[in-house]
Every structure is written in C-alpha cells, then in structure tokens.
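> I would like the atomic coordinates for the input below:
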Amino acid sequence: MGPDRGTVYGARRRDWLILGAAGFLALAVLIGAVFIGYGLLAPEGTTSTPAAGSPAPPSPSPSPSFQGVPAEAALLKVEGLCLDVRANVDPEGAPTVQAACSGAPSQKWTPAPTGASGTYTFINLTSGKCLDINGESKDDGAVALQWSCKGSANQQWQAVPAGDGYTLVSVNSGKCLTVPDTGVVQLSCAGAPNQVWSFATS
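All right, here's what the predicted structure looks like:
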C-alpha cells in the first residue's frame, strides 16, 4: 500500500511554506542592511556620517544680536557735541544740556539693557541717575532730565540704527531724543541730524 496522497501533498506544501518563509526572512534582512547602510535606519541615539567627499551641511545661522551700543559708560554725541547735565542745580531733576565734549563724568552715560531687544536705560556716571522725560510726558518739547532710576517707560530708550548712529526713541512716547536750538527734549522722530546720536568711550 503506497503512501497516502494527502499526506504527501501536505508534506510538500509544508516544505514550500518553510522555504517561502526563509526566503522572505532573508529578503527582509537584506533590505534592512541596505537601509542601515544608507543611514535610513540608524540606531536610536546615533547619527549617520556623510560619505567622504560629501559637502558638509550648512551651519545654522547665529541668532541676530544688537550691535554698536557699548557696555560701559560712554559719551552720547549729537552734531559733535555731548549730552551733559546742567551744573549747580539740584541733581534730582537737573535738565540735560548739549555741551562741548570734555570727557567729564557728567557727560558719560552707561547703557543698561532693559531686557527688550535694543532697549536701554542710560545712567549718568556722576549722579547714578537715569535719562528721563519730565513728568512721563508724551508731548513734543517735553524736557529730558536726569531722575532717580525707577525703570519706568519714560526712562527706557530704544536705540534704532540711523546712518552712522542711532535715534533714541522713548518707549513711553515713541518720540526721539532731540537737541533743538536750546536744551534737550523729545520730538516726533524725523531722522534729522539733531536726532542721530553716536557713542564714544573716550
């Protein structure tokens, strides 16, 4: 009596299934090796290395930073003259004036960043008081003076690049520190030479 036909066919079918599974497994291993070779399946925590001669990826651009305003006490100059404080008056509320540059401590102002980009308080080296707009006014012609530093908006100035210097824009009023015919005041920003300030550390 010969072998049962169903048994023979079943054995052959099982053999083919085993061979098919083995072939599929071998193909999967081959594909995985190819992917790893090209860095597509790099193990967790690793990075693929570019092939020799490949151009390096561009470096990320550095974050922009505000430039040009010194970190130390400096002269604030406009039209060749310096921002000074009127002498022989009460230091609290003493008006600022434009004077010939002498390098005196009363003409030196330390820019102190407020935390907002390009925005500073300016602290007088002699008095330790801040450049301020009288009465927190938002009006044209309001006088610039020195006052005890309190961090209010009328003591904060945004240094906006303008030509070879900066306009100093009051955070409180949006107006510019200006030297008209007399005194130092705030006026609507026009980019005029008497509104463009530069810094000199000596």
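> how about stretch 194-202: buried residues?
With burial defined by 16 or more other Cβ atoms under 10 Å, the residues of stretch 194-202 counted as buried are Asn194, Gln195, Val196, Trp197, Ser198, Phe199. Using the backbone N, CA and C atoms, a C-beta is placed for each residue, glycine as well.
> Correction: the previous question concerned stretch 76-88.
Leu76, Lys77, Val78, Leu81, Cys82, Leu83, Asp84, Val85, Arg86.
> Narrow the buried residues of stretch 194-202 to those in strands?
Counted as lying in strands by DSSP state E, out of the buried residues of stretch 194-202, are Ser198, Phe199.
> Dump the buried residues of stretch 194-202 into CSV; add distance to Leu168 and pLDDT as well.
As requested, those are exported to CSV (distance: Cβ to Cβ, whole Å; pLDDT from 0 to 100):
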residue, distance to Leu168, pLDDT
Asn194, 12, 97
Gln195, 8, 97
Val196, 9, 97
Trp197, 6, 96
Ser198, 11, 95
Phe199, 11, 94
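> so which pair among the buried residues of stretch 76-88 is furthest apart in space?
The distance between the two most remote of those (Cβ to Cβ) is 17.8 Å, for Lys77 and Arg86.
> sorry, back to before: could you dump the buried residues of stretch 194-202 to a markdown table with distance to Pro95?
Output for the buried residues of stretch 194-202, formatted as a markdown table (distance: Cβ to Cβ, whole Å):
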| residue | distance to Pro95 |
| --- | --- |
| Asn194 | 17 |
| Gln195 | 18 |
| Val196 | 21 |
| Trp197 | 17 |
| Ser198 | 22 |
| Phe199 | 21 |
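> Mind telling me what element Ala159 is part of?
Counting by DSSP states H and E, the element that carries Ala159 is strand 157-162.
> tell me the contacts of Pro95?
Shown in contact with Pro95 (Cβ atoms under 8 Å, 6 or more residues apart in numbering): Val85, Arg86, Val89, Val143, Ala144, Leu145, Gly183, Val184.
> Let me know the pLDDT of the residue lying closest to Gln156 once chain neighbours are set aside.
Nearest non-adjacent residue to Gln156, counting by Cβ to Cβ, 6 or more residues apart in numbering: Val171, 4.0 Å away. For Val171, the pLDDT comes out at 98.
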